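Engineer: give me coordinates for this.
(2 chains)
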Amino acid sequence: MARKRVSRRRFLELAGKGSILAAAASMFPRGVFAAPPSIKGPIKIGYGTVLSGTLAGYGEFHKMGALMAQDEINAKGGIAGQKVELEIRDATMKPDDAIKTARYFVDSWGADFLAGIDSSGQALALGPVMQQLDKVLIVTHAATEKLTEEWVFKKGVRQIFRICNATYHDGNAAAYVAKDLPAMRWATISPKYEYGFTCWKMFQDTLGKLKPGTTFQTESFAPAGTTDFRSHINTILDARPEGLYSTEWGGELITFVKQAAEAGLFEKVKHVLFPVGAAMDVLEGLGKEMPDDVWISGRYYFRYPDNQTNNEWVARFHKRWNHYPAYVSETAYSSLYALKAAVEKAGSKDTKPVIQALEGMELDTPAGRRLFRKEDHQAIYDVPWGKTKADPRYPIKIMGEQKLVPASITFARPPFEGPGTRPPF
Amino acid sequence: MSPAAGSRRGARALSWAAAAALVALPLLSGKFATYLGVRVALLAIFGTGYNLLLGRTGLLSFGHGGFYAAGAYALGLCSLHLTAHPLPGLALALAAGAAAALVVGFFCIRASEVYFSMLTLAFGMLIFAVVWNAREITGGDDGLVGVMRAPIALGPLRLDIAGERAFYLLAVALLAGSLWLAHRLRRSPFGLTLAGIRENPVRAEFAGVPVRRYRLAAFVISGAYAGLAGGLEVLLESNARPTMAHWTHSAEPILVSLLGGLHSLLGPAVGSLAFVALREVVQRFTENWMLAFGVVLLVIILGFRGGIVGAVEAGLRARRAGRAAP
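Structural biologist: Predicted coordinates:
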């Protein structure tokens, strides 16, 4: 009797599993799997970004940029005459969800290309997966230099490209801004994870070489999810540094700035650098509460470059979404155009020719001219640094005095080991 | 032939057919369904072990993500620094899960009910913090990346598990082994004693049962299951990450046990299938999948007493009773 009951339950489980998965499998279109060498059918692009949790706002900005690119490309005849089909999926911030999303796009939905990805952990976890899936992934937000140095350059995962700038901009370029400031004693309040540690180390290495005698006295690392920065702020105030460097970002930067303003930090510390302070969620979130004369930057700033391409794009973006574009909107938008250019140059949507087309490709984008470096697939382009100031034309603080540190002198160079590969060159 | 024997034979034939279908699944469906099948199998192993503690012994732990992570990092470190062979890695993962559970359990089983739960939560998050902060060894929040799925080589025999299908079969085989072991444990005097402890620990104590030692044993066994599942996930995704130890991950085996049915062997496995499949389906329809998914889970857990398996069994019993009555 007992045996029979177990068997029946087992049967139900097995039968249930089989039928549900079979039904699910039949739901997935799998026709576009093996794309023929000539370009046929729609160009399917799977876009994975964070659409849930506290950082969902970033995903919304990704979406605005990606949707705009899709609609504009399709309105002008698509990619090589084929329609672009975009699917955007919540990849959360977790590596396992990013992997699942990538597998869904390629193995089930039949994506030709992938783009998106927010966290560094996700990007690194996708390295071997993209090699296995053998589809091009254009990373639009994750900034870890390990992705391009280790996976692409050293381990030869040629399927991954990065269109946004890397930690080099947040660490090395910040040091170039700091060297011209009359501050010799620096401190940091930064995120207590790899991104925060890496950038602070780059900043110290580069600034130490550019301006010998600079001291880095105090560091206070705030764990992910910190909502009360007062103890960190007090640690810094007690040390009385002349300059503060902080790679806090997103909602945590907003909280930190509000609490720091209350504590009078911006009066006591004259020189403050926020490498990702020019992110639109921060500028919008703080509004007029963003203090003046703070140095900010990002992966793109909507008022740079001041040329027709960018200004028209910003105007179209603002008209459609009633927001100024965030940097992830620009990288998302440009990632689709990079794929368009590559497919049209290669005359194929197959992975290998598209990789060849992307390597060393130069592309005009709203953020300016980008070059995909051949060795590590990192896009080289310039993003300015600027001092915050109010402007009656905008509800947010914008960059007043700007300083441009070219990516060509701040980005580490292949082979990433030995002398002459890290700035200053 | 008695009707009971007939239906038993029929059930056995059906279950063989179902097992064959399970094995054939990767041949019939796409790669992504196979991949999801592996995820279901891993979650089912995790949940089945966990339910020996929750459903059988009546202990609610919020720290099993820690043991899962112990197994994951054990396999990851072994693969990156010692040998990429999956067998020693998986053995280490199992041992690491059990060892971590032994240490944590030693302190936790002293408390009971909510105190026990809170202690396990604290220890789980302690493991999370250690993994997050020991950057030199664990890679911090980036995790251990680049673990390769090497073939299982046994002398002249070489089993390549790099492909999805082969790995799916390995996962299903390990799930079958896990279920069989859990089944044997539940039927053994040991398992029956655990149930006795769940029903009335005081009475068990008076009957001369060393309650703490039994609880610790159940805790360690479930930890070993968690470690195995963690190790397998590293092979699947080729990375280990600190969030595996986070309490939100510890909640998953609780959810699948509740979903499938606390008091049955197959409950967590059925729950895992429902959990993974439901999320996949919901995510296809809405971007706000978390909200919709939460509501669906709530309805199932509140609506089906005894979980999916419990509800199906009750339904079958009612039908049988209806047929028996003239």
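Engineer: what about residue 142, how many neighbours?
Structural biologist: No chain specified, so I'll use chain A. Other residues near A:Ala142 number 21, with proximity taken as other CB atoms under 10 Å in any protein chain shown. In short, each C-beta sits where N, CA and C put it, glycine included.
Engineer: not quite, go with chain B.
Structural biologist: A count of nearby residues for B:Asp142, using other CB under 10 Å, gives 26.
Engineer: same question for stretch B:188-204: list its buried residues.
Structural biologist: Residues B:191, B:193-194, B:196-198, B:201, B:204 are the ones in stretch B:188-204 that count as buried (16 or more other CB atoms under 10 Å in any protein chain shown).
Engineer: export these to TSV and append columns for secondary structure, distance to A:Thr214 and pLDDT.
Structural biologist: As requested, the buried residues of stretch B:188-204 are exported to TSV (DSSP: H, G, I helix; E, B strand; the rest coil; distance: CB to CB, whole Å; pLDDT from 0 to 100):
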residue	secondary structure	distance to A:Thr214	pLDDT
B:Gly191	helix	66	96
B:Thr193	helix	67	96
B:Leu194	helix	63	96
B:Gly196	helix	69	95
B:Ile197	helix	64	95
B:Arg198	helix	64	95
B:Pro201	helix	64	93
B:Ala204	helix	68	95
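Engineer: please identify which pair of these lies farthest apart.
Structural biologist: The most widely separated members of the buried residues of stretch B:188-204 are B:Gly191 and B:Pro201, with 15.8 Å between them, by CB to CB.
Engineer: mind listing the helices for the stretch 101-250 of chain B?
Structural biologist: Assignment of helices within the stretch 101-250 of chain B using DSSP state H, counting those that start in this stretch yields the ranges B:113-133, B:135-138, B:164-187, B:189-199, B:201-206, B:211-237, B:247-260.
Engineer: out of those helices, deepest packed?
Structural biologist: Among the helices of the stretch 101-250 of chain B, the stretch with the highest mean neighbour count (mean count of other CB atoms under 10 Å in any protein chain shown) is helix B:211-237, at a mean of 26.
Engineer: ok, and does that one reach over to chain A?
Structural biologist: Yes - Helix B:211-237 lies in contact with chain A when judged by CB under 8 Å from any CB of the partner chain; the contacting residues are B:233, B:237.
Engineer: returning to that earlier point: need the helices of the stretch 101-250 of chain B in TSV with distance to A:Gly251, can you?
Structural biologist: Formatted as TSV, the helices of the stretch 101-250 of chain B follow (distance: least, CB to CB, whole Å):
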stretch	distance to A:Gly251
helix B:113-133	20
helix B:135-138	24
helix B:164-187	38
helix B:189-199	44
helix B:201-206	46
helix B:211-237	28
helix B:247-260	19
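Engineer: and the buried residues of stretch B:188-204, which is closest to chain A?
Structural biologist: Of all those, the one sitting nearest chain A is B:Gly191; the distance, using CB to the nearest CB, is 13.3 Å.
Engineer: any idea how far chain A is from the closest residue to the closest one other than its chain neighbours?
Structural biologist: Excluding the flanking residues, the one nearest B:Gly191 by CB to CB, 6 or more residues apart in numbering or on different chains is B:Leu185, at 4.8 Å. B:Leu185 is 14 Å from chain A, where distance means CB to the nearest CB, to the nearest Å.
Engineer: report pLDDT for B:Leu185.
Structural biologist: If you check B:Leu185, the pLDDT there is 96.
Engineer: and it, what does it touch?
Structural biologist: Under the criterion of CB atoms under 8 Å, 6 or more residues apart in numbering or on different chains, the contact partners of B:Leu185 comprise B:52, B:191, B:221.
Engineer: which residues are in contact with the last one?
Structural biologist: It stands for B:Ile221. B:Ile221 sits next to B:49, B:52-53, B:98, B:185 when contact means CB under 8 Å, 6+ apart.
Engineer: isn't A:Tyr58 right up against A:Ala142?
Structural biologist: No - taking contacts as CB atoms under 8 Å, A:Tyr58 lies outside contact range of A:Ala142: 11.4 Å.
Engineer: need the residues touching each of those two.
Structural biologist: Residues touching both A:Tyr58 and A:Ala142 comprise A:Asp118, with contact defined as CB under 8 Å, 6+ apart.
Engineer: from chain A, how far off is the most centrally placed residue in chain B?
Structural biologist: The structure's chain B has its C-alpha centroid closest to B:Phe46; by CA atoms, centre = their mean the separation is 1.7 Å. Taking CB to the nearest CB as the measure, B:Phe46 falls 13 Å from chain A.
Engineer: what packs against the strand or helix carrying that residue?
Structural biologist: Assigned by DSSP states H and E, B:Phe46 falls within helix B:31-51. Here helix B:31-51 touches helix A:2-27, helix A:95-103, helix B:3-28, helix B:64-77, helix B:164-187, helix B:211-237, helix B:247-260, helix B:267-285, going by 3 or more CB pairs under 8 Å, 6 or more residues apart in numbering or on different chains; DSSP states H and E.
Engineer: need the max-distance pair from the contacts of B:Ile221.
Structural biologist: Comparing all pairs in the contacts of B:Ile221 by CB to CB, the longest separation belongs to B:Ala98 and B:Leu185, at 14.2 Å.
Engineer: tell me which residue in the stretch 301-425 of chain A sits closest to chain B.
Structural biologist: A:Ala332 (15.7 Å).
Engineer: please name the nearest non-neighbouring residue to that residue.
Structural biologist: Closest to A:Ala332 by CB to CB, 6+ apart is A:Gly65, at 3.5 Å.
Engineer: then B:Pro151?
Structural biologist: Using CB to CB, 6+ apart, the nearest residue to B:Pro151 is B:Asp160, at 4.5 Å.
Engineer: also B:Gly49?
Structural biologist: What sits nearest to B:Gly49 in space, not counting adjacent residues and going by CB to CB, 6+ apart, is B:Tyr225, at 2.1 Å.
Engineer: relative to chain A, how far out is that neighbour?
Structural biologist: With the distance defined as CB to the nearest CB, B:Tyr225 ends up 18 Å from chain A.
Engineer: which regions of the stretch 101-250 of chain A sit below the pLDDT cut-off?
Structural biologist: Scanning the stretch 101-250 of chain A for pLDDT under 70 picks out nothing.
Engineer: what does it put close to chain B?
Structural biologist: Where the stretch 101-250 of chain A comes near chain B, counting by CB under 8 Å from any CB, the residues are A:103-104, A:107-108, A:120-121, A:124-125, A:127-129, A:144, A:146, A:155, A:193-194, A:197, A:224.
Engineer: please pick the buried ones from the residues you listed.
Structural biologist: Buried members of these, counted by 16+ other CB under 10 Å: A:103-104, A:107-108, A:120-121, A:124-125, A:127-129, A:144, A:146, A:193-194, A:197.
Engineer: in helices, which of these fall?
Structural biologist: With helices defined by DSSP state H, the entries of those inside them are A:103, A:120-121, A:124-125, A:127-129, A:146, A:194, A:197.
Engineer: looking at those residues, spot the one nearest A:Trp295.
Structural biologist: Looking at those and their distance to A:Trp295, the nearest is A:Phe197, at 20.9 Å (CB to CB).
Engineer: I'd guessed the closest one sits against B:Trp132; true?
Structural biologist: No - between A:Phe197 and B:Trp132 there is no contact under CB under 8 Å: 11.8 Å.
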